[in-house]
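Student: here is the input, now give the coordinates:
(one chain, ligands or ions: 1)
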Amino acid sequence: MEKIIIAAVSKNRVIGRDGKIPWHIKEELKHFKNTTTGFPVLMGRKTWESISKPLENRINIILTTNPGFSFSHPNVVICNSIFEALAWCEENNYSRVYIIGGERVFEETLKIADRMIISELKFDVEGDRFFPPINLNEWELVSFSDKNEFVINEYLRRK
Ligand SMILES: NC(=O)c1ccc[n+]([C@@H]2O[C@H](COP(=O)([O-])OP(=O)(O)OC[C@H]3O[C@@H](n4cnc5c(N)ncnc54)[C@H](OP(=O)(O)O)[C@@H]3O)[C@@H](O)[C@H]2O)c1
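Tutor: Just a heads-up that it's a prediction; the model follows:
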C-alpha cells in the first residue's frame, strides 16, 4: 500500500497558525479534494479539531493517544498509533493512504512515506507549524504543475 503525504506549504515552510491553515486558496482545496477523494486520509487529532467534521467521501482516520476519544460516524476511524492506522488501511484493502497532517504527523511519517504531493505556495506566511525541509538526496522531484498561487510538486522516495 502506498503511503502518500499531501500538504500545502508556504515559501517559508509554514503549514499552520493558531490551529488553522492561515490562507484560503480555492484551487488548492479543489486539488486536495480531487486527489484524496475515495481514499482514506490520515490526520492528527489537532488537524481533526481544526476541520471538525469528516471530509466527505473519504474514510477519516484520526490519530490520538487519548483512549477516551470518540466520534461516532461511519466514515471516521480512530487509531492510537500510525502502525494501527496503516494496518487498518491494509486490512480494508486500500491501495493507498493520504497522510494529510499536521506538523507532528508529517514529521512522524516522512521516513515511511513513499510519495509526497506538496503544494508549494509562492509567498511567505506567518505561522507556528512547519513542514520539514525536503532532502533531495532522499526525494526525487518527478512532476510539477504550475498554478496561479502555488506549484504542485510531486516527489518520489529514491530507491
Ligand atoms: N497546510 C497543510 O497542508 C496542513 C495540513 C494539516 C494540518 N495543518 C495545520 O497543522 C496544524 C496542526 O499540526 P500539529 O502538529 O499541531 O498537530 P497534528 O499533527 O494535527 O496532531 C497532533 C496530535 O495527533 C495525535 N498523534 C500524532 N501522532 C500520533 C501517534 N503516532 N500516535 C497517536 N497519536 C498521535 C496526538 O493527539 P493526542 O494529543 O490527542 O494524543 C497529537 O497531539 C494546524 O495549524 C493545522 O491547520 C496544515
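Student: mind checking pLDDT for the residue of the chain positioned farthest from its centre?
Tutor: Distance from the C-alpha centroid of the chain peaks at residue 68, with 24.2 Å (C-alpha atoms, centre = their mean). pLDDT, residue 68: 95.
Student: and if you look at residue 159?
Tutor: So residue 159 comes in at 89 (pLDDT).
Student: name the residues of this structure found near the ligand, please.
Tutor: 7-8, 15-16, 19-21, 43-47, 50, 63-66, 80-82, 100-105, 108, 129 (C-beta under 6 Å from any ligand atom). (C-beta placed from N, C-alpha, C; glycine too.)
Student: residue 63 versus residue 15, what's the distance?
Tutor: Computed as C-beta to C-beta, to the nearest Å, the residue 15 to residue 63 distance reads 16 Å.
Student: near the nearest residue to residue 126 once chain neighbours are set aside, how many other residues are there?
Tutor: The shortest distance from residue 126 to any non-neighbouring residue, by C-beta to C-beta, 6 or more residues apart in numbering, is to residue 17 (6.4 Å). Residues lying near residue 17 (other C-beta atoms under 10 Å) number 15.
Student: what sits against residue 17?
Tutor: By C-beta atoms under 8 Å, 6 or more residues apart in numbering, the contact set of residue 17 is 125, 126, 127, 128, 129.
Student: which one of these is nearest to residue 31?
Tutor: Using C-beta to C-beta, residue 125 comes nearest to residue 31 of the contacts of residue 17, at 17.9 Å.
Student: sorry, back to before: which of the contacts of residue 17 count as buried?
Tutor: Among those, the ones that count as buried by 16 or more other C-beta atoms under 10 Å are 125, 127, 129.
Student: which one of those residues is nearest residue 30?
Tutor: Nearest to residue 30 among the buried ones among the contacts of residue 17: residue 125, at 19.6 Å, using C-beta to C-beta.
Student: let me see the contact set for that closest one.
Tutor: 10, 11, 12, 14, 17, 22, 23.
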